[in-house]
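Trainee: coords below, sequence missing:
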């Protein structure tokens with residue numbers, strides 16, 4: 001399997017988060033909590049899934065001083081022919097026992113990968129521009145995989161988007177229609193610990209009616 005390099009993120013708080021973008025900056029103030037607090041609690045158990053209303057994420061503990069390379073496997077979209085991400089991988093380093101963290105939908109607004117504390121400062125859509133979301137979309141505009149690096153609270157994070165038409169065909173309905181994809185921590189063929197999100201729609205189908 002050939003992987004494409006997407007960039008590098010950092011997690012100086014020691015907690016890495018992969019999250020849906022759509023309600024990231026809305027949900028936490030509304031419930032009087034911070035994403036970083038919830039993520040730290042989940043990471044303290046070895047990592048797991050976070051869900052609040054329309055927001056979802058996974059969080060894992062990482063070395064605070066380690067740069068974390070981000071890669072992706074791709075295939076041509078069966079709908080439009082452009083390259084589309086079918087697997088996201090973050091190289092965490094070290095060794096770990098494989099485990100399922102949970103599953104995530106492919107949010108139509110995109111996903112963001114980065115430090116939990118930095119993402120407390122994320123400013124999303126429907127706010128006065130330029131927001132972090134605007135910067136992500138601008139950065140991703142000319143990337144063939146709709147990926148955009150952006151700095152949030154002084155920390156490098158990566159936004160992952162989708163072609164609008166392709167998303168509507170492959171991931172439409174998201175969790176409500178059963179379109180969710182497993183996130184695991186495993187050791188790869190080189191015995192490196194990696195966070196892997198298998199977002200290949202050929203492997204995950206909505207439940208039968």
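Mentor: Looks like it arrived, so ask away. Since this is a predicted model, take the numbers as computed values, not measurements.
Trainee: CA only for contacts and neighbour counts going forward, please
Mentor: Will do.
Trainee: now the strands for the protein?
Mentor: 3-9, 15-20, 48-52, 55-61, 68-76, 83-91, 99-104, 111-115, 147-152, 155-160, 181-187, 193-198 (DSSP state E).
Trainee: for the one helix or strand in the chain whose mean pLDDT sits lowest, which positions count as buried?
Mentor: Of all helical and strand segments in the chain, the minimum by mean pLDDT, DSSP states H and E falls on helix 164-170, at a mean of 85. The neighbour-count check on helix 164-170 (16 or more other Cα atoms under 10 Å) flags 166, 167, 170 as buried.
Trainee: list the contacts of that helix.
Mentor: Helix 164-170 has contacts (Cα atoms under 8 Å, 6 or more residues apart in numbering) with 77, 79, 80, 108, 201.
Trainee: among those residues, who's most crowded?
Mentor: residue 108 (19 neighbours; other Cα atoms under 10 Å).
Trainee: and the gap between it and residue 170?
Mentor: Distance, residue 108 to residue 170, by Cα to Cα, to the nearest Å: 11 Å.
Trainee: likewise for residue 67?
Mentor: 32 Å.
Trainee: residue 16 pairs with what?
Mentor: Counting by DSSP bridges, residue 16 is bridged to residue 60, residue 115.
Trainee: from what I can see it touches residue 112, true?
Mentor: No. Taking contacts as Cα atoms under 8 Å, residue 16 lies outside contact range of residue 112: 10.5 Å.
Trainee: settle it for me: which of these two has more neighbours?
Mentor: Between residue 16 and residue 112, counted using other Cα under 10 Å, the more crowded position is residue 16 (33 against 28).
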